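Peer 1: Here's a sequence, model it:
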Amino acid sequence: MATSASKAKATGSGPAAAVGSGGSQRPRGSQRDRLVAAMTELSARHSYPAVSVADVASHAGVSSATFYEQFTDKEDCLVAAYRLVADRLLAGIPDGDSEADWREKLRRVLAQLLKSFEEEPDAGRLLLVEALAGGPRVRAERARAVGDLRSRVQRILDSAKRDGLQVDIPAPLIVGAVRSIASSLLRSHNDDRLSRQVDGLMAWACAYAVPVGEKRWSSGTNSTVPVPLAREWTRSVAAFIQPPERLPRGRHKLPAAAVVRTQRARIAYGTAKVIVEKGYAAATVTDIVAAAGISRDVFYAQFSNKLEAYMAAQQFGTDELLTACAAAYFAPRAWPERVWYALQMLLTAMAANPELSHLRIVECYAAGPAAIEQTESLKRAAAIFLQEGYVQRESAASLPRLCSQAIIGAVFELLYDRLANGQALDIPRQLPMLAHVAMTPFVGAQKASEALGALRETAVERAS
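Peer 2: Residues are numbered from 1 along each chain as shown. I've put the predicted structure just below:
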């Protein structure tokens, strides 16, 4: 099947068409430089999974043979592009070594970062979105660059003076909030609005400020729950989320709808299992059929290809998950408690279904734009549970609505990290810290700390 980049090239439209037969519009520089520039541009415009080696070579004005003289494969070229983009865009980010107030330093970092994405949207999209579709070599490069940025931000947060305020939220979650908001704007071609997000992000970050010397909730011993308690929560959720059983052999009296429902469920679980083991790009229909324990005829009666099966698997159980979270949230409790119990349901359901969770949140980037959009829609749905926060106190009403996006981005950053590193069972342990992230801007640090302490204590007592 032709890729979107290939189609654009064949019809004379899109970025590949900019390479004229005379070569007058080809990028300047060495062949390697041109190939890296082509990878950056085409990945940003069409998504990395849709771009082939032939697309990159054509757009750079060289042959595929020349491509393989410079790079071993497509991912090798993506690694080079990512390294170049990361070093260029992050090089100008200030660190925390100056004597300025942490708020001024953090504002400079956010302003410089978002400005660089606004000025180079293709590079920003490759850095924030398309690199997540790559394999282990790109993930290693991303770990290096993101780790460096997180360290710079953490140094800024730790530089608060004794007579001032300090931020009670970990740097990785701030970086995650920025990544989520920036990538959403880049994907929707609203990159001209990136610089305007600085004030909103600063208002959100400053909502976690507490006096220097006070214990930080997010890094204290109460920011997690004990391992046995987290495992018990996960087992209780797993009890009502069971993988489908095989259909009876031979003739049976099951309704046709029940048969189709069971087959689709088996395909969803089989798809998730294969993709966790091999990654989306390497997974095949044959792999999925074997993992699901069905025939190829059954698979193709339900889906036309691997992508369709992935999209169905990504949505599998999502409505039930949101319904369960809503039931936990809308119980007659105070707002901080409702946030706690809705988050508990979300985190434990993800831990109870690690393969489907990994497929939804990690592998969506490798599956392409439609899969990414389905994950984004889940994040938008989750933001609904924060709307009541803005009426919890007078000062909460003046918070920018960007706070909801920042909170959801921070939460999903942690989920992504744990799932990508095979640590799904650790996710429920983070409930107190993530509940702190969700409620503190709206109710204030002191009230949030009191509520979280009581909720955690009650949960531990019930389990003992």
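Peer 1: Other residues contacting the helix or strand that contains Gly124?
Peer 2: According to DSSP states H and E, Gly124 maps onto helix 121-128. Residues outside helix 121-128 that contact it (CB atoms under 8 Å, 6 or more residues apart in numbering) are 39-41, 43-45, 48, 81-82, 85-86, 88-89, 116-118, 145, 179, 182-183, 186-187, 191, 194. (Each C-beta comes from the backbone N, C-alpha and C, glycine too.)
Peer 1: Just the buried ones from these, in ChimeraX syntax?
Peer 2: This is the ChimeraX syntax for the buried subset of those, where burial follows 16 or more other CB atoms under 10 Å:
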select :39,40,41,43,44,45,48,81,82,85,86,89,116,117,118,145,179,182,183,186,187,191,194
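Peer 1: Out of the contacts of helix 121-128, which sit inside helices?
Peer 2: Residues of those located in helices (DSSP state H): 39-41, 43-45, 81-82, 85-86, 88-89, 116-118, 145, 179, 182-183, 186-187.
Peer 1: tell me what the strand or helix carrying Ala328 is packed against?
Peer 2: Here Ala328, judged by DSSP H and E, is contained in helix 318-329. Under the contact criterion of 3 or more CB pairs under 8 Å, 6 or more residues apart in numbering; DSSP states H and E, helix 318-329 touches helix 335-352, helix 369-383.
Peer 1: Quick one: find the helix or strand in this structure with the lowest mean pLDDT.
Peer 2: helix 4-11 (a mean of 42; mean pLDDT, DSSP states H and E).
Peer 1: what mean pLDDT does the helix holding Gly124 have?
Peer 2: For helix 121-128, the mean per-residue pLDDT is 95.
Peer 1: Centre of the chain to it, how far?
Peer 2: Distance of helix 121-128 from the chain centroid (CA atoms, centre = their mean, to the nearest Å) equals 15 Å.
Peer 1: ok, now which ones touch Ala371?
Peer 2: 307, 310-311, 314, 363-365.
Peer 1: how much space is there between it and Glu308?
Peer 2: Distance, Ala371 to Glu308, using CB to CB, to the nearest Å: 11 Å.
Peer 1: Tell me where this structure has strands.
Peer 2: 165-167, 209-211 (DSSP state E).
Peer 1: Out of these, which gets nearest to His436?
Peer 2: strand 209-211 (11.2 Å; CB to CB).
Peer 1: That closest one pairs with which strands, and in what direction?
Peer 2: strand 165-167 (antiparallel) (DSSP bridges).
Peer 1: Comparing the strands of the chain, which comes out most buried?
Peer 2: The highest average neighbour count among the strands of the chain, using mean count of other CB atoms under 10 Å, belongs to strand 165-167 at a mean of 20.
Peer 1: pLDDT of that one, averaged?
Peer 2: So the average pLDDT for strand 165-167 ends up being 91.
Peer 1: neighbouring contacts of that strand?
Peer 2: With CB under 8 Å, 6+ apart as the test, strand 165-167 has contacts from 102, 106, 157-158, 160, 174, 205-206, 208-212, 214, 216.
Peer 1: Nearest to Ala448 among those residues?
Peer 2: Tyr208 (9.4 Å).
Peer 1: How many neighbouring residues does that closest one have?
Peer 2: 23 (other CB atoms under 10 Å).
Peer 1: just to revisit the earlier point, among the strands of the chain, which comes closest to Arg462?
Peer 2: With CB to CB as the yardstick, what comes closest out of the strands of the chain is strand 209-211 (28.9 Å).
Peer 1: that older thread, burial-wise, tell me which of the helices and strands packed on helix 318-329 comes out on top.
Peer 2: helix 335-352 (a mean of 23).
Peer 1: angle of it against helix 318-329?
Peer 2: Interaxial angle of helix 335-352 relative to helix 318-329 (axes from the mean of the first three to the mean of the last three CA atoms, to 10 degrees): 150 degrees.
Peer 1: Distance from the chain centre to helix 335-352, please.
Peer 2: Distance, centroid of helix 335-352 to centroid of chain: 18 Å (CA atoms, centre = their mean).
Peer 1: again with stretch 187-194
Peer 2: The answer for stretch 187-194 is 18 Å, by CA atoms, centre = their mean.
Peer 1: Quick one: end-to-end distance for that stretch.
Peer 2: End-to-end span of stretch 187-194 (CA to CA, to the nearest Å): 12 Å.
Peer 1: How about residues contacting that stretch?
Peer 2: Contacts of stretch 187-194 (CB under 8 Å, 6+ apart): 114-115, 117-118, 121, 124-125, 129, 182, 185-186, 369, 372, 376.
Peer 1: Widest-spaced pair of these?
Peer 2: Taking CB to CB, no two of these sit farther apart than Lys115 and Pro369, at 25.4 Å.
Peer 1: As a check, name the ranges of all helices in the stretch 201-350 of the chain.
Peer 2: For the stretch 201-350 of the chain, the helices defined by DSSP state H, counting those that start in this stretch cover 227-238, 256-278, 285-292, 296-302, 306-315, 318-329, 335-352.
Peer 1: Name the residues of the shortest one that are buried.
Peer 2: Within helix 296-302, the residues that count as buried by 16+ other CB under 10 Å are 298-299.
Peer 1: I'd like the average pLDDT over that helix.
Peer 2: 95.
Peer 1: what packs against that helix?
Peer 2: Against helix 296-302 (3+ CB pairs under 8 Å, 6+ apart) you get helix 256-278, helix 285-292, helix 306-315.
Peer 1: Pull that helix out as PDB, backbone CA atoms only.
Peer 2: C-alpha atoms of helix 296-302 as PDB (Å, rounded to 0.1, in the frame of the first residue of the first chain):
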ATOM      1  CA  ARG A 296      -7.000 -15.900   9.300                       C
ATOM      2  CA  ASP A 297     -10.500 -16.100   7.900                       C
ATOM      3  CA  VAL A 298     -12.000 -15.000  11.200                       C
ATOM      4  CA  PHE A 299      -9.500 -12.100  11.400                       C
ATOM      5  CA  TYR A 300     -10.300 -10.900   7.900                       C
ATOM      6  CA  ALA A 301     -14.000 -11.200   8.500                       C
ATOM      7  CA  GLN A 302     -13.600  -8.600  11.100                       C
END
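Peer 1: No further questions, thank you.
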